[in-house]
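*Asks:* have a look at this prediction, sequence included:
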Amino acid sequence: MAAHGMLTAGDGVVVAVSGGVDSMVLLHVLAALRTPLALRLHAAHLDHGLRGPEATRDAEAVAAWASRLEVALTCERAGPLDRRGGSLQRAARAARYAFLERVADRWGAQRIAVGHSQDDVAETVLLNLLRGAGLRGLAGIPPVRGRVIRPLIDVPREAILAYARALGVPWMEDPSNRTPAYRRNRIRMDLLPALAREYNPRLREVLARTAAILRAEEETLDVLAHETLRRLVRQRPGGEAGLAGPDLALLGPALCRRVLRAAVESLPGRPRLPARHLGALQAWAAAGPRRGRCGSLPGLACWWDGGDLVLAAGASPTSPEAVALPVGVPTHAAPFGMTFVVEAAEVGVEGPPPPAPGEVWIAAAAAPDPLAVRAWRFGDRFRPLGLGGTKKLQDFFVDAKVPRPSRGRIPLVVSGDRILWVVGHRIDEAGRITAGTRRAQHLTAQPAPPTG
């Protein structure tokens, strides 16, 4: 634990406790360190709503153990799991970490402790190897990621079980951990024991040590990729990133792949790109400028604009549906990867302050209907401020040299049928603040922060 710099004296720590042996031992260990390290502990348990009476039994066991150790506990039941991102296990994991983050925020905790062991690292390395993974996947589970720490990451599960038996730590068995329906369980119960028996009895330790070496190399190469990305990237409207094609072509395949991955992960919404899709993106980049888009990248749009390779999160938002922008409530417009805020404001005789990038002031009289944000529709027209007449939005984009693939990604703030703001470009003449304007709406549009 000390080798990874996980804890500082006085830290507040939320401890994830499922009821299994790893997490129950973790709570016991941290409770023993509470006085010497002046730790503030708070336990957290989430019922995923998947196991009926067994889940109630687990929650009761966790509550009893936390009470015995004099650690406060937050226990909640998860709502319906969002499975759009993949498997039930992935959805449950996302819900669990979101819950832990909420509890940590509520209690002002600096750290979130979870009970992964050395065996979990070995299983993860083998699982990712069988799936096909690069350095990131083979680096296993990091001891520290953000404020999440794994104090037992270097401890074999056998030692954790011995600790629990010797000190009377109770725990509950989860039958789902033994069902062969899950690949990880088959690796734990069948493949790892067979490899250890036939080839190396210390295989788990070897895999964990190998993962640590690869993780250090991954971190070093990741720093290099981000430094290279900063030299190549050109930020564009609508949360897009443009990479200088000639410079990208000079990179070797390994560094190019890493730079592309870093560029994708820097986009608003931070889309996940599996290895096979990252390979398709790299092939598209290597082929050089051409018309059209790379069509095999779910959740990511990619095209060439002159000599730049342009990346944007999500497909072009062609749906005519608009996203309402209520006053005073930050609103995330997912198709554009942006967060909008609308505020009512009074305007003095001196007028509003000069707008910063990503914000505008619009006369309230120009917006009789509630504001909303939507994508470009065929036939859209507006009166660009300062041009003195109505213009087709398509012609405006041509004059502004907005590439065709980018046009559907530019948000339009509207009131009813009137376009009031082509975000990143121009407001409508009707929204002009004049000497007689006293009421206005202050609008900001910023890239949404990365997730995950």
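*Replies:* That came through fine.
*Asks:* which residues in the stretch 301-450 of the chain form helices?
*Replies:* Counting by DSSP state H, counting those that start in this stretch, the stretch 301-450 of the chain has helices at residues 393-399, 404-407.
*Asks:* list the contacts of the longest one.
*Replies:* Contacts to helix 393-399, defined as CB atoms under 8 Å, 6 or more residues apart in numbering, come from residues 376, 380-382, 384, 407, 410, 412, 419, 422, 425-426. Every residue, glycine included, has its C-beta placed from N, CA and C.
*Asks:* and stretch 177-190, which residues are buried?
*Replies:* 187-188 (16 or more other CB atoms under 10 Å).
*Asks:* so what's the gap between it and the chain middle?
*Replies:* Here the centre of stretch 177-190 is set off from its chain's centre by 28 Å, with CA atoms, centre = their mean, to the nearest Å.
*Asks:* so for that stretch, mean pLDDT?
*Replies:* Stretch 177-190 carries an average pLDDT of 87.
*Asks:* who's in contact with that stretch?
*Replies:* Residues contacting stretch 177-190 (CB under 8 Å, 6+ apart): 20, 89, 119, 123, 126-127, 130, 176.
*Asks:* determine which two of these are furthest apart.
*Replies:* With CB to CB as the measure, no two of the contacts of stretch 177-190 lie farther apart than Gly20 and Leu130, at 24.2 Å.
*Asks:* neighbour count: these two, which is higher?
*Replies:* Neighbours were tallied for Gly20 and for Leu130 using other CB atoms under 10 Å; the higher tally belongs to Gly20 (19 against 11).
*Asks:* neighbour-wise, which of the contacts of helix 393-399 leads?
*Replies:* Neighbour counts for those (other CB under 10 Å) peak at Ile419, which has 25 neighbours.
*Asks:* list the contacts of that one.
*Replies:* 380-382, 393, 412-413, 428.
*Asks:* now do Val259
*Replies:* Residues in contact with Val259, defined by CB under 8 Å, 6+ apart, are 225, 228-229, 232, 243, 248, 251.
*Asks:* ranking those residues by neighbours, who comes first?
*Replies:* Leu248 (23 neighbours).
*Asks:* can you pull out the strands in the stretch 301-450 of the chain?
*Replies:* According to DSSP state E, counting those that start in this stretch, the stretch 301-450 of the chain carries its strands in the segments 308-313, 323-324, 331-333, 338-346, 359-363, 371-374, 381-382, 391-392, 412-415, 418-422, 426-427, 439-447.
*Asks:* what's the fourth one packed up against?
*Replies:* So that's strand 338-346. Other helices and strands packing on strand 338-346, by 3 or more CB pairs under 8 Å, 6 or more residues apart in numbering; DSSP states H and E, are strand 331-333, strand 439-447.
*Asks:* so of these, which one's packed in deepest?
*Replies:* Ranked by mean neighbour count, those are led by strand 439-447 with a mean of 19 (mean count of other CB atoms under 10 Å).
*Asks:* in its sheet, which strands sit next to that one, and in what direction?
*Replies:* Strand pairing for strand 439-447, using DSSP bridges, gives strand 338-346 (antiparallel), strand 359-363 (antiparallel).
*Asks:* any buried residues in the shortest one, and which?
*Replies:* If I follow you right, that is strand 359-363. Buried, per 16+ other CB under 10 Å, within strand 359-363: 360-363.
*Asks:* which residues are contacting it?
*Replies:* Applying CB under 8 Å, 6+ apart, the contact partners of strand 359-363 are 345, 347, 352, 355, 420-421, 427, 430-434, 437, 439-445.
*Asks:* tell me what angle it forms with strand 418-422.
*Replies:* Interaxial angle, strand 359-363 versus strand 418-422 (axes from the mean of the first three to the mean of the last three CA atoms, to 10 degrees): 150 degrees.
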